[in-house]
Structures are given as structure tokens and as C-alpha cells.
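Participant: I would like to see how this sequence folds:
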Amino acid sequence: MRGLGAILAVVFVSACGGAGGPSPAAATSAGPSATAAPSPVTVKFGQVGSVSDAAIFIADAKGYFKEQAITLEAVPFTSAALMVAPLGTNEIQAGGGAPSAGLYNAVDRGVQLRIVADKGSLTSGHGYEAVIVRKALADKVKSAKDMKGLKISIAARDIVPEYSLDQYLRSGGLTVKDVEVVPLAFPDMIPALASGAIDVALPTEPTATRILDAGTGVLLTRTDTVVPGEQTAVILYSEKFAQDKDAATRFMVAYLKGARYFNDAFDKGDATKKQDVIDIVAKGTKLDPALLARVIFPGIDPNGKLSVDSLIAAQQYFVTKGSQTKAIDMSKIVDASFADEAVKRLGGAYK
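Facilitator: Numbers count the residues shown, from 1 in each chain. Here you go, the predicted model:
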């Protein structure tokens, strides 16, 4: 009996984790880690440096990219059209700007890239693009129907703002064929209106507010009333970066956190966040915070949702005009999977 008792004692001690059994700490350390640290990655982002880059500026300034082990390296461009070739070769991994006939023609030629998220749109109250007439003509030019033969300036031909102009002119029974389109960089529109070199301008912010401040132009309308919800700017991924699903999704998580902070500030009316955003964008664009406090910012979807219908409508304009060789299948270039996954990781849709 004494021998049997000794055996039972040993069994009991072993079952309770005593001599000969692994300690709880040892058992825990032997298992896999709960969450593997993300692999660090540097993302070169093509950037025009406009107010529609607000969510990117915020995500960088607030450390959201750093949270995702991403080092953001901003690469300056004067337009999104110039980003197409470097995106195609993965010289830059991502970028943002206006859709254009040039972008779609490049895709048709075999350049591989993807449109992955909204970066700026003309949602209600976010008409950051304006139609402004020269002050000397304000008594005669009240709407689109009065613009036949006038010199009208946009930033470039065959980009989405040209489609906006055409839609505005159609409200008065005209088209772009009935006016003289004068491409000018936004800052150059200010002296051009003042001197009478152009009659009407379609600037985005902050140029629109600068013209109105100067008193050389009169606001006719904001284009959120002309083309409501128009997709004016998008986030682009190179094909190679898109194939790195983990890094591409982490980038989107950080970006959407920036977009949500932006929406807290401008759509939900958080005054503290609004001032913070203004300061962040001022630093990123090198613009005066006092000026930015008065401009109208674009809509930036907090879930990254794109208006595919708007992209298709602008594309059809380019095709009809002849600047785009043929329509491309948007389902082959628009990829919402990164934004969808990022929304899940952020706990669901922003409301």
C-alpha cells in the first residue's frame, strides 16, 4: 500500500504541473506569437501637393503609416498624368491625382496600374472647383448660356475638369466647341483674369478663393452643383505594389484613417480636428493656414469608395471627343478590394 501511495502522489504532482511537467510560462512561450509584426516597407507616393492630398498628409503627420510599418516617401509631380509611366515600372508604388484620357490610353497600351480609392470628389458642400467670371464681364455673363466665344481656362485638356466644363456649358445649350479653352496652371489664372487674358476660369481651391479675395472675379457656381459626386481625384497603385496584398492593404488602412480624421473635422464638425487638419495641410502644401481656413475642401470618402459611374461618364466624354482611343473596361482597372479589406480591419464602415 505504501508503494501504491507513492506512485499516486507522483501522478498527482505531475498533473498539477509539478516536477517533470512544463510550467504555464513555458507552455505559453512554446506556442506561436499572437500577431506577427508587419514587415517594414517604403512606399514612394506620387503627389501633386494639393488640398485633395489632405488624407495622405494627415495619415503621415498623425503616424498612421508608421503604425503600419510604412515609411512614406513623397515624390512631387505637377500632374497625375506624369505619374503613369513611373507607376507602370513601379518606380513609384502609389500616387494620386485626376483621372484623364492619358491615363486610360496608357492602360489600353498595356501599362498596368490600378485605381484603388477615392482621393477627392465633388460631393454636396465640397465644391472645391469653381466657375469664376472676370469681374468686368459679370454684368453680362450670368450663366453658361452667356459664354459663347469666351476664353475659358482649365488646368489642362483631357482631364476630368474639362468634362466638368463641358457639362456646365451644356446647361446653357453650349459645349466646349463653342468656347476657346485656354490651359493654364492654377496660379497663372489669377493674373490672367486680372489682365483680361481670359474671361472665365475653372480653378480648384485655394486658387478659387485667392481670385475672389483679389476682387478680379465673380463666382458663378461651385461644380458640386454641376456634376454632383464627380470623381475628381483617385489613389493609384502600381501593379507590382498591388500584388503585395499585405503592404498594399496596410497602406490603405493608414490612408483611410487619415480620411476618417478628415471627415471628423469637416463633415462631423469637430472644431479641434478641423484646426489640426488645416495646420497639417498648410505644412504639406506650404499654404497659409488662414487661407485654408476659408477654402472649400473636396469630399474624401472615409471608406475609400469610388464613384465608378463618374469615371465611366468622364471616359465617355474623352472617347466621344476623340482624345481617348477607346473605352476601357473599368472593372479591369478599378480595384476596391484594398479599401474593402481596410474597412474590415478598421472595424467596419465609417458612418
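
Participant: you'd agree A156 is up against L82?
Facilitator: No - counting by Cβ atoms under 8 Å, A156 does not reach L82; the two are 10.8 Å apart. C-betas here are computed from N, CA, C, even on glycine.

Participant: more neighbours, the two?
Facilitator: A156 (17 against 14; other Cβ atoms under 10 Å).

Participant: contacting residues for the more buried one?
Facilitator: A156 makes contact with 79, 81, 100, 162, 183, according to Cβ atoms under 8 Å, 6 or more residues apart in numbering.

Participant: between those residues, which is nearest K274?
Facilitator: Checking the contacts of A156 against K274 with Cβ to Cβ, the nearest one is S79 at 28.6 Å.

Participant: wait, what's in contact with the closest one?
Facilitator: 48, 97-98, 155-156, 159 are the contacts of S79 under Cβ under 8 Å, 6+ apart.

Participant: strands - which of those residues land there?
Facilitator: If you go by DSSP state E, the contacts of S79 have G97 in strands.

Participant: among the contacts of S79, which one has the most neighbours?
Facilitator: Within the contacts of S79, most neighbours by other Cβ under 10 Å means G97, with 29 neighbours.

Participant: from K268, how far out is that residue?
Facilitator: Distance from G97 to K268, counting by Cβ to Cβ, to the nearest Å: 27 Å.

Participant: helices or strands up against the lengthiest helix in the chain?
Facilitator: The helix that spans the most residues within the chain, counting by DSSP state H, is helix 245-266. When contacts are defined as 3 or more Cβ pairs under 8 Å, 6 or more residues apart in numbering; DSSP states H and E, helix 245-266 sits against strand 41-47, helix 54-61, helix 64-67, strand 70-76, strand 113-121, helix 239-243, helix 271-285, helix 337-345.

Participant: mind doing that once more with 6 Å?
Facilitator: Counting contacts by 3 or more Cβ pairs under 6 Å, 6 or more residues apart in numbering; DSSP states H and E, helix 245-266 packs against helix 54-61, helix 64-67, helix 271-285, helix 337-345.

Participant: adding mean pLDDT and mean neighbour count, write those out as TSV.
Facilitator: Shown next, in TSV, are the helices and strands packed on helix 245-266 (pLDDT from 0 to 100; neighbours: other Cβ atoms under 10 Å):
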stretch	mean pLDDT	mean neighbour count
helix 54-61	98	25
helix 64-67	98	19
helix 271-285	98	17
helix 337-345	98	18
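
Participant: now those as a markdown table including distance to F262?
Facilitator: Listed next are the helices and strands packed on helix 245-266 as a markdown table, based on distance: least, Cβ to Cβ, whole Å:
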| stretch | distance to F262 |
| --- | --- |
| helix 54-61 | 5 |
| helix 64-67 | 12 |
| helix 271-285 | 6 |
| helix 337-345 | 15 |
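
Participant: out of the ones you listed, which is closest to L202?
Facilitator: So among the helices and strands packed on helix 245-266, helix 271-285 is nearest, using Cβ to Cβ, at 19.8 Å.

Participant: just checking, what packs against that closest one?
Facilitator: Helix 271-285 makes packing contacts with helix 54-61, helix 245-266, helix 289-292 when contacts are defined by 3+ Cβ pairs under 6 Å, 6+ apart.

Participant: and it, C-alpha only, in CSV?
Facilitator: C-alpha atoms of helix 271-285 as CSV (Å, rounded to 0.1, in the frame of the first residue of the first chain):
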residue,chain,number,x,y,z
ALA,A,271,-13.5,72.0,-34.4
THR,A,272,-10.3,70.8,-32.8
LYS,A,273,-9.7,68.3,-35.5
LYS,A,274,-10.5,70.8,-38.2
GLN,A,275,-7.8,73.2,-37.0
ASP,A,276,-5.4,70.3,-36.8
VAL,A,277,-6.2,69.3,-40.4
ILE,A,278,-5.8,72.9,-41.6
ASP,A,279,-2.4,73.1,-39.9
ILE,A,280,-1.3,69.7,-41.3
VAL,A,281,-2.4,70.6,-44.8
ALA,A,282,-0.8,74.0,-44.5
LYS,A,283,2.5,72.3,-43.7
GLY,A,284,2.1,69.8,-46.5
THR,A,285,1.1,72.3,-49.2
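
Participant: can you list the neighbours in contact with that helix?
Facilitator: Outside helix 271-285, the residues that touch it by Cβ atoms under 6 Å, 6 or more residues apart in numbering are 49, 54, 57-58, 61, 262, 264-265, 289, 292-293.

Participant: next: stretch 46-61.
Facilitator: By Cβ under 6 Å, 6+ apart, the residues outside stretch 46-61 that reach it are 65, 72, 74-75, 77, 83, 92, 95, 97, 119-120, 205, 233, 254-255, 258-259, 261-262, 280-281, 284-285, 297-298, 300.

Participant: got a PyMOL select line for the buried ones in those?
Facilitator: Buried subset of the contacts of stretch 46-61, written as a PyMOL selection, criterion 16 or more other Cβ atoms under 10 Å:
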select buried, resi 65+72+74+77+83+92+95+97+119+120+205+233+254+255+258+259+261+262+280+281+284+285+297+298+300
